[in-house]
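# For reference, the sequence and a predicted model appear below.
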Amino acid sequence: MKVIGTERSQILAGRIADALKTEIIDVKFSKFPDGELYIRAGSLSDQMVVVGSVTDSDSFIELLLLIDACEGRSCRLVIPYMGYARQDKKFREGEPISARAIALALSRGVEECFTVNIHDRKVLSFFSTKARDLSVAESIGAYIKETNIANPLVLAPDDGASAFAQAVARTGGWDCDHLDKTRLSGDTVRIAPRNLDAKGRDVVIVDDIISTGGTIATAASMLTMQGARHVYAACVHGVLAGGAYARLKSAGIREIVCSDTIERGCSRYSAAVQIAHALDGC
Ligand code: R5P
């Protein structure tokens, strides 16, 4: 078995290869003068693992090209972050189900596909091949244990993220709750933990994705007003669009961390071990 990765997922691909005690294949990435992508893979093996997050259009095309280059071999696909997954239904007439379009295109020539903390597991049913979702909740828990955050209150920003926050909290036996939004008047909302008090506590807000940072920045400001001692943010996929990191820092968040499903300066834990374990167990 050998591992091959897209340009933007090469560090995670390398870590997966290390965890599997196998090789990562050297790939030449370049562009034609008209902007079309060109890839050329080194020596492929009969069993291939293709790794690539869909973070933009080019990374999606790179994945398609890498899968095609593996034609005639057993090919398993790892999509650590699957962009477009949040458009998982037609919210308005005339819209595509983007998650389905991406999943179907990436299924061709693939025996099995793995995602990591996908926004909604129902997206797995859009793949025309076997698909399974993995979780880095334990890695986030292990990271929190390594820091000097004592007895944190783990908070999900909404009910939808509760199961994930509980999985993180279980790793350390920490308190866990989710934030509730209460409309106080036409233009005022109060965001606070549903059952627990954040006063005097170190709070870690955990979510699958931080995109614009709007959700967590608003929550952090309110938690600080409610007397939280320090607020931290930990996510799986650090999309960090449009100045999100600075936005979160200026909202008073002490530390913002993410995994390497999208490789960032603030990637502090890796999805490699969970992915390698799943690939090894197949
Ligand atoms: C939404 O359902 C997701 O779980 C995240 O909460 C959301 O994508 C975060 O977006 P933003 O950082 O733009 O507030």
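Structure's in. What do you need?
# Checking C258 next. Helix, strand or coil?
Applying DSSP: H, G, I helix; E, B strand; the rest coil to C258 yields a three-state assignment of strand.
# Residue nearest the middle of the protein, spatially speaking?
Compute the mean C-alpha point of the chain, and by CA atoms, centre = their mean the closest residue is H237, 3.0 Å away.
# what kind of secondary structure is that residue in?
On the basis of three-state DSSP, H237 is classed as strand.
# List the beta-bridge partners for it.
Using DSSP bridges, the beta-bridge partners of H237 come out as I209.
# Quick check, I144 in contact with G172.
Yes. The criterion here is CB atoms under 8 Å, and I144 meets it with G172 at 6.3 Å. In this view, the C-beta of every residue, glycine as well, is placed from N, C-alpha and C.
# give me the element A101 is part of.
Counting by DSSP states H and E, the element that carries A101 is helix 98-107.
# How about V3, nearest residue that isn't a chain neighbour?
A17 (4.1 Å; CB to CB, 6 or more residues apart in numbering).
# and R190, what does it touch?
R190 sits next to K181, T182, L184, M222 when contact means CB atoms under 8 Å, 6 or more residues apart in numbering.
# got those residues as a markdown table, with distance to S162 columns?
Shown next, in a markdown table, are the contacts of R190 (distance: CB to CB, whole Å):
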| residue | distance to S162 |
| --- | --- |
| K181 | 14 |
| T182 | 17 |
| L184 | 23 |
| M222 | 18 |
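# biggest separation within those residues, which pair?
L184 and M222 (11.6 Å; CB to CB).
# Among the two, which residue is more densely surrounded?
Counted by other CB atoms under 10 Å, L184 and M222 do not tie: M222 has more neighbours, with 19 against 8.
# buried stuff in the lowest-mean-pLDDT helix or strand in the chain?
The least trusted helix or strand in the chain, going by mean pLDDT, DSSP states H and E, turns out to be strand 188-193, with a mean of 79. Buried residues in strand 188-193, defined by neighbour count with 16 or more other CB atoms under 10 Å: I191, A192, P193.
# How many residues are close by K181?
13.
# quick one: it is in a strand?
Yes. Counting by three-state DSSP, K181 is located in a strand.
# surely it meets I191?
Yes. Between K181 and I191 there is a contact at 5.3 Å, judged by CB under 8 Å.
# Same list, the buried residues of strand 188-193, but as TSV with distance to N151 please.
Output for the buried residues of strand 188-193, formatted as TSV (distance: CB to CB, whole Å):
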residue	distance to N151
I191	22
A192	19
P193	15
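# and which of those residues is nearest the ligand?
I191 (12.3 Å; CB to the nearest ligand atom).
# you'd agree that closest one is up against R183?
No. Using CB under 8 Å, I191 makes no contact with R183, being 10.6 Å away.
# who does the residue of the chain positioned farthest from its centre bridge with?
Relative to the C-alpha centroid of the chain, counting by CA atoms, centre = their mean, S185 is the outermost residue, at 34.8 Å. Here S185 sits in beta bridges with T188, going by DSSP bridges.
# pLDDT score assigned to it?
On pLDDT, S185 comes in at 77.
# Please work out the average pLDDT along stretch 220-234.
On average, stretch 220-234 scores 95.
# Kindly report the residues of the stretch 101-250 of the chain close to the ligand.
Within reach of the ligand by CB under 6 Å from any ligand atom, the stretch 101-250 of the chain has these residues: P157, G160, A161, D207, D208, I209, I210, S211, T212, G213, G214, T215.
# for the helix holding A101, packing partners?
Packing partners of helix 98-107 (3 or more CB pairs under 8 Å, 6 or more residues apart in numbering; DSSP states H and E): helix 57-69.
# quick one, the helix it packs on and helix 98-107 angle?
30 degrees (axes from the mean of the first three to the mean of the last three CA atoms, to 10 degrees).
# quick one on the thing from earlier: my guess is the residue nearest to the centre of the chain meets T261, correct?
Yes. Counting by CB under 8 Å, T261 is a contact partner of H237 at 5.2 Å.
# all strands of the stretch 101-250 of the chain, in order?
With DSSP state E, counting those that start in this stretch as the criterion, the stretch 101-250 of the chain has strands at 112-116, 130-134, 153-156, 175-185, 188-193, 202-210, 230-238.
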